[in-house]
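[1] Predicted model, plus sequence, below.
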Protein chains: 2
Amino acid sequence: MLIRKTDPGTTTPVEMDGVKDVSMQVMVGRDDHAPNFAMRHFVVEPGGHTPHHSHDYEHEVYIVAGTGQAECDGETATVTEGDVLYVPANAVHQFRNDSDEAFRFLCLVPMEFDCGTPVPGS
Amino acid sequence: MLIRKTDPGTTTPVEMDGVKDVSMQVMVGRDDHAPNFAMRHFVVEPGGHTPHHSHDYEHEVYIVAGTGQAECDGETATVTEGDVLYVPANAVHQFRNDSDEAFRFLCLVPMEFDCGTPVPGS
């Protein structure tokens, strides 16, 4: 049985335009032969943020720890542990950490988009 | 932006053979027009359990709170907050709560299986 602990100590830095102080770990992905969707654990350090971007696939997000700002199509909300967010395909979105503690969330994506293109980080 | 809090107070009882003292809420699903996969929040009360069964689609699971026993193809592990599990399609599996506190987890499923059949609870 595949069991993995979400652990800020085992994530690796995300190197991508528009990203600041973010690390991630694929918890379940294509390397595990998951056929349909991938679960990733993200850690945004204080002052950090994910890219302000959009793409042709959705996110389903669960906030694991800390407090962050979630922006989606111009609307921004403060989110905390236990919150679930849905970011539809093509929405412009960003996650920011304006707090002084790590902000951690799960972000799930489909394994493919555009009829077969692998989703980055799946 | 769709934001929902995982809350044991807003789940509804699961009525299904083999289930004892389990409630759930679809956090993101087909009613939200999510195209590929659904996120559900499950609460297993002390002494409760999910069905001991298998089906032709996978689970990706995140333990939100409490302690439970996860069985998959004859192997049983104790799982706690922060653990991620992958249950492949067709594996015989069950979640049980032998503790004296609520055991809560997210369980994600693809929206369809068998070439278009809606997954129950998606």
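    That came in fine, so what should we check first?
[2] Scan chain A for its longest strand.
    Looking across chain A with DSSP state E, the single longest strand is strand A:37-49.
[3] A:Gln25 and A:His41 touch, don't they?
    Yes - because the distance of 4.9 Å satisfies Cβ atoms under 8 Å, A:Gln25 is recorded as touching A:His41. In short, each C-beta sits where N, CA and C put it, glycine included.
[4] For the two, indicate the residue with more neighbours.
    Set side by side, A:Gln25 and A:His41 show more neighbours around A:His41, with 25 against 19, by other Cβ atoms under 10 Å in any protein chain shown.
[5] Export stretch A:33-49 to CSV, keeping only CA atoms.
    C-alpha atoms of stretch A:33-49 as CSV (Å, rounded to 0.1, in the frame of the first residue of the first chain):
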residue,chain,number,x,y,z
HIS,A,33,0.8,4.8,-12.2
ALA,A,34,-2.1,6.9,-11.1
PRO,A,35,-4.2,7.1,-14.3
ASN,A,36,-6.4,10.2,-14.0
PHE,A,37,-5.1,12.9,-11.6
ALA,A,38,-2.1,13.8,-9.5
MET,A,39,-1.9,15.1,-5.9
ARG,A,40,1.0,17.5,-5.1
HIS,A,41,2.0,19.1,-1.7
PHE,A,42,3.1,22.7,-2.0
VAL,A,43,4.9,24.8,0.7
VAL,A,44,4.9,28.6,0.2
GLU,A,45,7.4,30.3,2.6
PRO,A,46,6.6,33.6,4.1
GLY,A,47,6.7,36.3,1.4
GLY,A,48,6.5,33.6,-1.3
HIS,A,49,4.0,33.1,-4.1
